[in-house]
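Trainee: Everything below, folded, please.
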Amino acid sequence: MRNLVYALYERRLLRQVAGRAMPRHVGLILDGNRRYARDYGLPDPLDAYGRGADKLDDLLGWCRQLGIPAVTLWVFSTENFRRSAAEISGILGTVESKLARLAADRRVARLGVRLRAVGRLELLPDSTLAAIRAVEAATATHQALTLTIAIAYGGREEIADAVQALLRERVKRGEPLADTIEGITPEAIGRYLYAPDLPDPDLIIRTSGEVRLSGFLLWQSAYSEFYFCDVNWPAFRKIDFLRAVRAYQDRERRFGR
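Mentor: Down below sits the predicted model:
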């Protein structure tokens, strides 16, 4: 009976969001893995990260069904490097395993998913970098959905890196200091962000009940709509995603006007 009620509710939500404006770019903060492990009594918290990684398969299908062309997932922050060596190794190992599966997954090709990673990738182990480069190469020609993995990522770091890259380019050209200063505009900085070709996220979802961005896409989220969900990431369901999309559609976006 419970499954029937769930299916009927999911169908109702799909009818409600269909035919309305979809977000062009959705950002997700994948939070609550350790809380999920505690709630479900998992002996190894890393098991929750594995279940969370599997949830990505569902998410890709939901996005393609709704026609959402870009998704960015925050899977590992620069602050996460402060955790124990064992936990860092376990999380990144889970990421590597998932990326390897995605690179070989025929469904990824069928859905047209192109995957890439952004962040301070130079901080990652060689094995993680190799997994990233392999899946980027395997999916480079796909065009229906861009999946961006934010890993070793921090929003403040991204802005700092963008400004530094801008200044290096101006200095390399021998530009006068006064002209360089005048050239530091929001538009100029935006061209040096990690993924300048992506549209700003229309909708940002955070799981686990935490009500903050914690540095996710700080520059790009100036006019994003936020949706905070109490469900921990490994337990995130299609109805939770559809509710977030419906909430986005119900808001009047003024963009400062």
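
Trainee: which parts of stretch 109-119 are buried?
Mentor: Buried residues in stretch 109-119, counted by 16 or more other Cβ atoms under 10 Å: 111, 112, 113, 114, 115, 116, 117, 118, 119. C-beta coordinates here come from the backbone N, C-alpha and C atoms, glycine included.

Trainee: First residue to last residue on it, what's the distance there?
Mentor: Start-to-end span of stretch 109-119 (Cα to Cα, to the nearest Å) is 25 Å.

Trainee: Let's test this: mean pLDDT of it, rounded?
Mentor: The pLDDT scores in stretch 109-119 average 97.

Trainee: how far is it from where the chain is centred?
Mentor: Chain-centre distance of stretch 109-119: 11 Å, with Cα atoms, centre = their mean, to the nearest Å.

Trainee: again with stretch 9-25
Mentor: That offset, for stretch 9-25, works out to 20 Å (Cα atoms, centre = their mean).

Trainee: What distance separates the opening and closing residues of it?
Mentor: Terminal-residue distance, stretch 9-25 (Cα to Cα): 25 Å.

Trainee: Pull out the buried residues from that stretch.
Mentor: For stretch 9-25, by 16+ other Cβ under 10 Å, it's 13, 14, 17, 22, 23, 25.

Trainee: Which stretches in the stretch 51-200 of the chain count as helices?
Mentor: Remark: helices assigned in the stretch 51-200 of the chain by DSSP state H, counting those that start in this stretch are 85-104, 106-111, 126-138, 155-172, 177-182, 186-190.

Trainee: thinking again about what came up before, now, which of the buried residues of stretch 9-25 lie within helices?
Mentor: Residues of the buried residues of stretch 9-25 located in helices (DSSP state H): 13, 14, 17.

Trainee: nearest spatial neighbour of residue 76, skipping sequence neighbours?
Mentor: Nearest non-adjacent residue to residue 76, counting by Cβ to Cβ, 6 or more residues apart in numbering: residue 151, 4.6 Å away.
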